[in-house]
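*Asks:* Sequence and predicted structure below; questions after.
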Amino acid sequence: MREMLTGGPLDVLTGDYLAELTMLILGRSRLKDPTRGYATTFLRQLEEGLGLARERGVRIVANAGGLNPAGLADAVRELAAKTGIPVRVAHVEGDGLPVPEGFLTANAYLGGAGIAACLEAGADIVVTGRVTDAALVTGPAAAHFGWGPDDHDALAGAVVAGHVLECGTQATGGNYSFFRGHDLRRPGFPVAEIHADGSCVITKHDGTGGVVDIGTVTAQLLYETGGARYAGPDVTARLDTVRLTQDGPDRVRISGVRGEAPPPTLKAGLNRLGGWRNEVVFVLTGLDVEAKAGLVREQFADALARSGAAPREVRWELSRTDRADAATEETASALLRLVVRDPDQDAVGRAVSGAAIELALGSYPGFHVTAPPGKGTPYGVFEARYVPAGEVPHIAVLPDGRRQELAHPATTRPLRDAAEPPLPAPLPDPGPTRSAPLGRIAGARSGDKGGDANVGVWAVDEDAWRWLAHELTIERFRELLPETAALTVVRHLLPNLRALNFTVHGLLGEGVAAQHRFDPQAKAVGEWLRSRHLPIPVSLLETAQAPEAPA
């Protein structure tokens with residue numbers, strides 16, 4: 001916060017503090033203390049940032065209110081009084097839904113209208129509960145330019161800007177496939193210069209690290225999205241209309257975004273405790289790794305059977321991190337990971353830890369584990385549901401305490417998949433091929449939405465795009481990533497971005513809080529895909545201008 005306030009001019013500083021997993025964490029926090037349920041990190045940052053924002057005339061909008069935006073607003077007022085800094089504080093509420101039995105949290109995703117109302121009433125700081133990430137931008141933009149709910153194109157442009165900003169430095173070179181071409185030791189945060197028509201320029205403060213180019217912006221646009229229609233409570237943005245142009249060093253212009261009326265329903269996120277999990281990682285060193293893994297699995301299964309308390313779910317994964325004739329013990333070792341889950345804590349606690357410890361002196365040679373097994377920890381489950389927008393109040397609590405209820409957009413449009421655009425013309429004569437990693441000619445970024453994984457892939461130039469669109473079919477995708485072979489995979493084309501976006505349904509089980517797989521948020525699935533070899537035309541490998549090697 002301090003860096004953004006002191007690094008250059010700003011009108012509004014936004015902060016996205018909520019993820020699906022965060023809501024579960026805040027739910028557990030509220031169980032311990034009903035006055036909490038908000039992101040205390042925001043308050044710690046504000047201790048230093050409050051005076052700076054006041055001096056520079058910067059308004060602050062953050063969704064750090066989580067499950068208790070009114071509580072956070074009161075805490076901000078207390079902080080302002082303690083520091084002697086006069087600020088007008090407002091908050092947005094109404095997203096909290098009746099919590100079904102067995103759940104910890106239930107919240108609808110609101111749009112930006114409540115934020116806009118608070119800013120129009122003179123608020124210096126606006127805190128919200130569960131709003132969409134993009135609402136942190138659509139609200140301030142609508143307040144500044146006077147947009148109404150039917151200004152669909154302008155709102156859609158702000159949604160796209162908000163999506164680019166929401167993950168901070170992921171838009172300025174963080175988590176970027178072609179990171180080797182840039183100094184990314186400490187990337188600066190992105191800034192959006194938004195215009196009255198909804199177009200914008202993505203940039204960053206002068207002198208900060210990282211990079212803003214078409215590649216970094218493309219990567220973030222593909223992150224955790226699906227098809228051409230990107231729906232939200234304010235508007236449905238058409239990602240197939242987005243146009244990116246380099247507007248100078250560290251400046252990318254986003255234009256042409258078209259919008260449609262939002263759907264008549266709001267997405268709601270529900271979190272519950274799913275049960276208990278435990279994990280043991282066995283280290284297998286040197287020779288006969290597969291046989292050692294087989295032995296410990298057999299012994300462990302026998303021990304659990306004799307205990308009479310076998311967990312409901314038992315998963316093993318052998319990671320061959322070992323090398324032959326290794327120069328260090330660590331590089332000579334593989335990891336065998338055991339994950340158990342059960343509704344009963346006892347089934348994953350002493351029965352599992354006892355079985356692991358009792359094997360220590362009577363199993364494979366060199367037996368040891370990375371950490372002593374514990375008692376087990378709770379895991380969560382995220383569920384997405386959809387509720388009629390009219391059933392969810394959207395309330396702006398203004399700086400003077402007045403409560404203003406906002407109407408949801410009167411014009412709505414049921415959400416349907418957009419017509420798939422035609423494929424680009426194939427390369428006329430691609431010539432000979434060579435087996436090479438896909439990442440030589442394509443970037444990727446991946447992430448999670450509940451139990452589904454999203455993998456966006458974009459080509460580095462037009463010829464690579466013409467080849468990629470025809471080559472990377474769903475069948476080829478499944479072949480390259482065998483973990484997806486039995487799952488439903490959907491592919492979307494985004495020609496303006498020279499990109500394909502894949503959704504893999506069910507790859508993440510019950511979501512990140514359930515810790516279903518090795519990479520529970522699918523953050524590295526895209527890089528796994530880029531590392532896979534396939535026959536690529538030599539002409540593309542020789543000419544592709546991937547920003548991997550500096551000029």
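*Replies:* That came in fine, so what should we check first?

*Asks:* tally of neighbours for residue 277?
*Replies:* Using other C-beta atoms under 10 Å, residue 277 is surrounded by 22 other residues. All C-beta atoms are positioned from the backbone trio N, CA, C, and that covers glycine.

*Asks:* Can I take it that it is in a helix?
*Replies:* No. Assessed by DSSP: H, G, I helix; E, B strand; the rest coil, residue 277 does not belong to a helix; its assignment is strand.

*Asks:* got a list of what it touches?
*Replies:* 339-341, 348, 376-379, 515 (C-beta atoms under 8 Å, 6 or more residues apart in numbering).

*Asks:* Give me the buried subset of those residues.
*Replies:* Neighbour-count burial (16 or more other C-beta atoms under 10 Å) applied to the contacts of residue 277 gives 339-341, 348, 376, 379, 515.

*Asks:* Tell me how far residue 96 lies from residue 61.
*Replies:* Separation of residue 96 from residue 61 (C-beta to C-beta, to the nearest Å) stands at 19 Å.

*Asks:* More neighbours: which of these two?
*Replies:* The residue with more neighbours, out of residue 96 and residue 61, is residue 61; 29 against 18, by other C-beta under 10 Å.

*Asks:* Would you check that the more buried one makes contact with residue 136?
*Replies:* Yes. Residue 61 lies in contact with residue 136 (C-beta atoms under 8 Å); the separation is 5.4 Å.

*Asks:* what residues do these two have in common as contacts?
*Replies:* Common contacts of residue 61 and residue 136 (C-beta under 8 Å, 6+ apart): 14-15, 115, 128.

*Asks:* Determine which two of these are furthest apart.
*Replies:* Distances among the shared contacts of residue 61 and residue 136 were taken as C-beta to C-beta; the most separated pair is 15 and 115, at 12.3 Å.

*Asks:* Need the residues touching each of those two.
*Replies:* Each of 61, 136 lies in contact with both residue 15 and residue 115 under the rule C-beta under 8 Å, 6+ apart.

*Asks:* where in the chain is pLDDT low?
*Replies:* 515-516, 545-551 (pLDDT under 70).

*Asks:* now the strands for the stretch 1-150 of the chain?
*Replies:* 12-15, 59-62, 89-93, 105-108, 125-128 (DSSP state E, counting those that start in this stretch).

*Asks:* Can you say which of these is packed in most?
*Replies:* Scoring the strands of the stretch 1-150 of the chain by mean neighbour count under mean count of other C-beta atoms under 10 Å gives strand 125-128 as the most buried, with a mean of 32.

*Asks:* What pairs with that strand, parallel or antiparallel?
*Replies:* Strand pairing for strand 125-128, using DSSP bridges, gives strand 59-62 (parallel), strand 89-93 (parallel).

*Asks:* Would you format those strands as TSV with distance to residue 140 included?
*Replies:* Shown next, in TSV, are the strands paired with strand 125-128 (distance: least, C-beta to C-beta, whole Å):
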stretch	distance to residue 140
strand 59-62	6
strand 89-93	13
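
*Asks:* hmm, back to that, can you redo the buried ones among the contacts of residue 277 as CSV with distance to residue 393 and secondary structure?
*Replies:* CSV is the format used below for the buried ones among the contacts of residue 277 (distance: C-beta to C-beta, whole Å; DSSP: H, G, I helix; E, B strand; the rest coil):
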residue, distance to residue 393, secondary structure
339, 41, strand
340, 42, strand
341, 37, strand
348, 40, helix
376, 39, coil
379, 32, strand
515, 34, coil
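
*Asks:* with the residues you listed in mind, which one is nearest to residue 178?
*Replies:* Using C-beta to C-beta, those come closest to residue 178 at residue 515, 30.2 Å.

*Asks:* Can you tell me the closest non-neighbouring residue to the spatially most central residue of the chain?
*Replies:* In the chain, the centroid-proximal residue (C-alpha atoms, centre = their mean) is residue 447; its distance is 5.4 Å. Nearest residue to residue 447 in three dimensions, chain neighbours excluded: residue 224, at 4.3 Å (C-beta to C-beta, 6 or more residues apart in numbering).

*Asks:* The one you found: how many residues sit nearby?
*Replies:* 21.

*Asks:* cool, and the one 3 residues further on?
*Replies:* Here the neighbour count serves as a burial measure; for residue 227 (other C-beta under 10 Å) it reads 21.

*Asks:* that older thread, out of the contacts of residue 277, which is nearest to residue 9?
*Replies:* The closest of the contacts of residue 277, once distances to residue 9 are taken by C-beta to C-beta, is residue 515, at 42.5 Å.

*Asks:* Show residues contacting the longest helix along the chain.
*Replies:* Criterion DSSP state H: the longest helix present in the chain is helix 289-307. Contact partners of helix 289-307, identified using C-beta under 8 Å, 6+ apart, comprise 282, 284, 310-311, 314, 316, 318, 320, 322, 334, 336, 338, 351-352, 354-356, 358-359, 362-365, 367.

*Asks:* buried sites along the following helix or strand past that helix?
*Replies:* Next along the chain after helix 289-307, taking DSSP states H and E as the criterion, comes strand 313-319. Within strand 313-319, the residues that qualify as buried are 314, 318, counting by 16+ other C-beta under 10 Å.
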